[in-house]
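Undergrad: give me coordinates for this.
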Amino acid sequence: MLKSVLIYNWAQFDNPDMDGGGVSVYIKNIIEALLEQGVRVVFLSAGFSYTGVNDSPFIEETDNMFRNQGVRSFRVVNSPVKAPAHDSYGDLYCARENEEIANLFIDFMNTHGQFDEVHFHNIEGLSTVLFEKIKSKTNTKIAYWLHNYHSICPQIELFKDGNQKCDDYHNGADCIGCLHHIPSKDDRIEQRVNARRNGNDNIVVLRKPTISLSRKPVVRAKHIYKNILKISLAPLYLCIVFIRELKKAIRRKQKQAVLFIKSVHVLNIIYRQYRKARKEIRILLGIQQRETTRVPKFAQEVDISWKNRMSIKSEEITNIDNLRVFYREWREINIQRLNYNVDYLYAVSEQVKEQFVARGVFANKIKTVPLGMDIYNRPEERVRHYLSKARSNKVRIGYFGYSITSKGLAFLIDSIETIKDRSILNNIDLRIHCRVDDLLMRRISRLKPYLANISVLDGYNRNEIFEIAQDLDLVIVPSLWWETYNQVAYEMIMLGTPVIVSDSVGIKYAIPDDFIFASGDMDDCARIISFYTEDKSRLGMFWDESQKSHKLLPSMREHLLMVLGDRFVRSKADIKRELKDLQENFHYLAPFAI
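TA: The predicted model follows:
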């Protein structure tokens with residue numbers, strides 16, 4: 001019977017900035033459910049807190065919202081694998097084979113175990129070689145949750161070049177240029193170093209870090225050397241402080257600052273003219289010019305022929321092409337580790353399972369389990385919430401999520417723009433609940449003359465979602481990628497709000513067919529919006545008794561039964577009886593057989 005569980009996620013589940021998104025919300029829910037069953041829960045995160053770019057990793061204990069209920073939480077500081085996944089996109093070998101972070105994790109398990117199971121809600125911040133080490137060095141079972149596609153796609157979304165679903169990665173060749181900008185891991189680490197140093201790390205540390213079992217005495221000597229180096233650089237630091245204070249003084253005196261800037265500008269012009277005149281004089285006198293291999297921006301005489309310059313530059317293509325092996329091996333080796341080292345693989349929707357199976361994961365290895373959430377109402381209560389909404393003459397349409405391309409906000413705006421019927425547009429009150437940049441705000445503003453109203457909420461607290469849902473008639477999830485589930489859709493349905501989704505959203509199994517449109521098809525999206533905006537009463541079809549779909553969403557209790565089954569701490573007889581009842585209730589959900 002299940003008695004002790006270690007849960008891993010790259011971000012702590014209750015961090016105030018909601019790093020980790022919907023997965024963090026889900027982990028809070030699952031911890032509560034496990035505590036109710038008397039299971040001991042320990043939580044660990046990694047890859048998001050740093051003291052320095054080259055500092056050795058260690059583990060520190062943190063505070064958390066369930067500490068009074070016995071939950072202990074920890075985090076790895078200075079993990080060699082930076083999280084989230086994009087921050088390690090250019091360092092895949094480390095994210096796959098780093099032994100240091102894997103050994104530190106095993107040391108932690110030995111110190112705080114014995115654990116019956118360790119549940120990974122992702123592997124970001126760690127290396128996937130850890131699966132092999134847990135399997136060979138402990139008796140702990142491994143459960144890996146397929147909340148995203150990271151283990152087969154380092155870009156996470158299987159969304160090629162940020163504009164289309166990735167059906168074929170051409171043995172890693174397409175992965176090389178998939179991100180328009182590969183972030184510098186060191187730069188991202190420095191940002192987290194500054195956040196920790198300035199007290200903006202968002203997590204309260206309960207205990208000072210201690211030396212891990214995996215750390216060697218040589219590490220201490222290294223730290224002593226670094227401290228001596230810092231002391232020797234103290235005069236330089238004082239100079240930097242002086243310059244900083246001088247800059248502040250200049251800012252306080254705006255006029256003097258303007259004069260200073262103008263004088264620098266004039267001096268720069270004079271210097272450039274001097275350099276130009278000096279070059280012309282040297283040419284006239286026949287003085288040998290200094291050799292240079294700088295490639296010209298414009299056509300001019302150079303010492304290196306165009307063929308040699310082309311050869312030098314073209315070598316970069318070969319060097320870049322050699323990276324394909326890292327992206328190919330990322331997928332191939334991780335698939336082997338999922339197949340042979342992980343005990344339980346959980347897909348949050350049948351769509352996720354299909355994508356992993358298509359790329360080589362054993363079909364019988366994956367169990368599809370729709371997520372449960374803390375917000376749960378029975379079907380009749382959902383209808384009651386729908387009927388109790390404040391009435392409006394307009395159709396209040398909501399969008400929730402990120403503003404990234406794959407989530408489809410820009411696509412939704414373009415789809416609405418294709419609607420030609422002004423009477424339909426005048427019935428739309430569009431409400432966007434997400435952070436948007438200036439460019440997207442300008443695109444949104446194009447709809448202003450045509451819609452009844454358009455408004456933007458720049459982020460929201462989760463406890464506000466109850467009130468927000470009461471003020472919406474319809475929510476649209478227009479995702480372009482193979483979205484794994486979509487928790488917002490779950491929450492909105494529970495709160496009595498009909499949901500329209502694209503057919504590439506995992507939760508589509510619980511959405512009536514008449515509320516699903518073809519992903520990426522603007523005309524189809526515009527058609528379905530027009531259909532329900534033209535006659536608002538049609539929204540009631542979502543709750544029609546002939547539509548069984550919305551009844552297929554499990555409660556957190558039912559979800560936990562699907563996941564753990566007879567691995568609960570309670571008696572097997574009780575669990576089997578509940579499982580039988582659950583199977584009868586979900587008999588129409590063939591992919592989710594228990």
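Undergrad: how deep is Asn202 tucked in, by neighbour count?
TA: The number of residues packed near Asn202 is 16, by other CB atoms under 10 Å. From N, CA and C alone the C-beta is placed, and that goes for glycine too.
Undergrad: also Val488?
TA: Neighbours of Val488 using other CB under 10 Å come to 21.
Undergrad: tell me the contacts of it?
TA: Gly22, Phe400, Gly401, Val475, Val477 (CB atoms under 8 Å, 6 or more residues apart in numbering).
Undergrad: from Asn98, how far off is it?
TA: 35 Å (CB to CB, to the nearest Å).
Undergrad: repeat for Asn319
TA: 23 Å.
Undergrad: the two: which has the busier surroundings?
TA: The residue with more neighbours, out of Asn319 and Asn98, is Asn98; 22 against 8, by other CB under 10 Å.
Undergrad: quick one: the more buried one and Lys82 touch, right?
TA: No. At 11.2 Å, Asn98 does not count as touching Lys82 under the criterion of CB atoms under 8 Å.
Undergrad: thinking again about what came up before, and the contacts of Val488, which are buried?
TA: Gly22, Phe400, Gly401, Val475, Val477 (16 or more other CB atoms under 10 Å).
Undergrad: can you classify the closest residue to the last one other than its chain neighbours by secondary structure?
TA: Nearest-residue entry for Val477: Val501, 4.4 Å, with adjacent residues in sequence omitted and distances by CB to CB, 6 or more residues apart in numbering. Assigned by DSSP: H, G, I helix; E, B strand; the rest coil, the conformation of Val501 is strand.
Undergrad: show me what contacts Val501?
TA: Here Val501 is in contact with Ile476, Val477, Pro478, Ser479, Asn486, Ala489, Ile507, Lys508, Ile511, Phe515, Ile516, Phe517 (criterion: CB under 8 Å, 6+ apart).
Undergrad: for Ile432, same thing?
TA: Ile432 neighbours (CB under 8 Å, 6+ apart): Gly398, Tyr399, Leu409, Ile444, Ile454, Ser455, Val456, Leu457.
Undergrad: again with Lys394
TA: Asn427, Ile428, Asp429, Ala452, Asn453.
Undergrad: would you mind giving me the confidence score for the last one?
TA: We note a pLDDT of 96 for Asn453 in this prediction.
Undergrad: that one: neighbour count?
TA: Using other CB under 10 Å, Asn453 has 11 neighbouring residues.
Undergrad: about what we covered before: will you turn the contacts of Val488 into TSV that also has pLDDT and distance to Asp523?
TA: Listed next are these as TSV, based on pLDDT from 0 to 100; distance: CB to CB, whole Å:
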residue	pLDDT	distance to Asp523
Gly22	85	30
Phe400	95	24
Gly401	89	22
Val475	98	21
Val477	98	18
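Undergrad: Pro57: which of those residues is nearest?
TA: Gly22 (27.6 Å; CB to CB).
Undergrad: tell me the contacts of the closest one?
TA: Counting by CB under 8 Å, 6+ apart, Gly22 has contacts Tyr485, Gln487, Val488.
Undergrad: please report phi then psi for Trp481.
TA: Per-residue torsions, Trp481: phi -90, psi 170 (degrees, to the nearest 10).
Undergrad: wait, what's in contact with Arg557?
TA: Ala33, Gly372.
Undergrad: can you check the one 10 residues further on too?
TA: When the contact criterion is CB under 8 Å, 6+ apart, the partners of Arg567 are Met1, Leu2, Asp116, Glu117.
Undergrad: tell me what Ile397 is bridged to.
TA: Leu430, Leu474 (DSSP bridges).
Undergrad: name all residues that make contact with it.
TA: By CB under 8 Å, 6+ apart, the contact set of Ile397 is Ile428, Asp429, Leu430, Arg431, Leu472, Asp473, Leu474, Val475, Ile476, Ile529, Thr533.
Undergrad: correct me if wrong: the fourth one contacts Phe400.
TA: No. With contact defined as CB under 8 Å, Arg431 does not count as touching Phe400 (9.5 Å).
Undergrad: for Gly360, see how far away Gln164 is.
TA: Gln164 is 22 Å from Gly360, by CB to CB.
Undergrad: dump the C-alpha coordinates for stretch 90-100 into CSV.
TA: As requested, C-alpha coordinates have been extracted for stretch 90-100 and formatted as CSV (Å, rounded to 0.1, in the frame of the first residue of the first chain):
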residue,chain,number,x,y,z
GLY,A,90,21.1,24.6,-26.3
ASP,A,91,22.6,22.3,-23.7
LEU,A,92,20.7,19.0,-24.3
TYR,A,93,23.6,16.6,-23.4
CYS,A,94,23.7,18.1,-19.9
ALA,A,95,19.9,17.8,-19.6
ARG,A,96,20.2,14.2,-20.6
GLU,A,97,23.4,12.8,-19.1
ASN,A,98,24.4,15.0,-16.2
GLU,A,99,25.6,12.7,-13.4
GLU,A,100,26.0,15.4,-10.7
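Undergrad: wait, Asn453 touches Asp429, no?
TA: Yes. Counting by CB under 8 Å, Asp429 is a contact partner of Asn453 at 4.5 Å.
Undergrad: how near is the closest residue to Leu409 other than its chain neighbours to Arg435?
TA: Counting by CB to CB, 6+ apart, Ser403 is the residue found nearest to Leu409 once chain neighbours are left out, at 5.2 Å. Ser403 sits 7 Å away from Arg435, going by CB to CB.
Undergrad: do Asp523 as well
TA: Asp523 is 29 Å from Arg435, by CB to CB.
Undergrad: and what of Asn68?
TA: For Asn68, the distance to Arg435 - CB to CB - is 33 Å.
Undergrad: ditto for Phe115
TA: 37 Å.
Undergrad: for the two, indicate the residue with more neighbours.
TA: Phe115 (21 against 12).
Undergrad: for that one, grab phi and psi.
TA: Here Phe115 shows phi and psi, under degrees, to the nearest 10, equal to phi -110, psi 130.
Undergrad: now the one 5 residues further on
TA: In terms of degrees, to the nearest 10, the main-chain angles of Phe120 are phi -100, psi 120.
Undergrad: can you pull the contacts of it?
TA: Here Phe120 is in contact with Tyr8, Ile142, Ala143, Tyr144, Trp145 (CB under 8 Å, 6+ apart).
Undergrad: most neighbours out of the contacts of Lys394, which is it?
TA: Ile428 (23 neighbours).
Undergrad: can you pull the contacts of it?
TA: Lys394, Val395, Ile397, Ile416, Leu451, Ala452, Ile529, Thr533.
Undergrad: wait, the fifth one sits on Asn426?
TA: What that stands for is Leu451. Yes. In terms of CB under 8 Å, Leu451 counts as a neighbour of Asn426; the distance is 7.3 Å.
Undergrad: these two: who's more crowded?
TA: Leu451 (18 against 13).
Undergrad: what about the more buried one, is that helix, strand or coil?
TA: Going by three-state DSSP: Leu451 is coil.
Undergrad: tell me how far it lies from Phe531.
TA: Separation of Leu451 from Phe531 (CB to CB) stands at 17 Å.
Undergrad: how about Gln487?
TA: 26 Å.
Undergrad: one step back: between the contacts of Ile397, which is nearest Ile270?
TA: Leu430 (56.2 Å).
Undergrad: for the closest one, which residues are in contact?
TA: So, once contact is read as CB under 8 Å, 6+ apart, Leu430 ends up touching Ile397, Tyr399, Ile416, Leu447, Leu451, Asn453, Ile454, Ser455.
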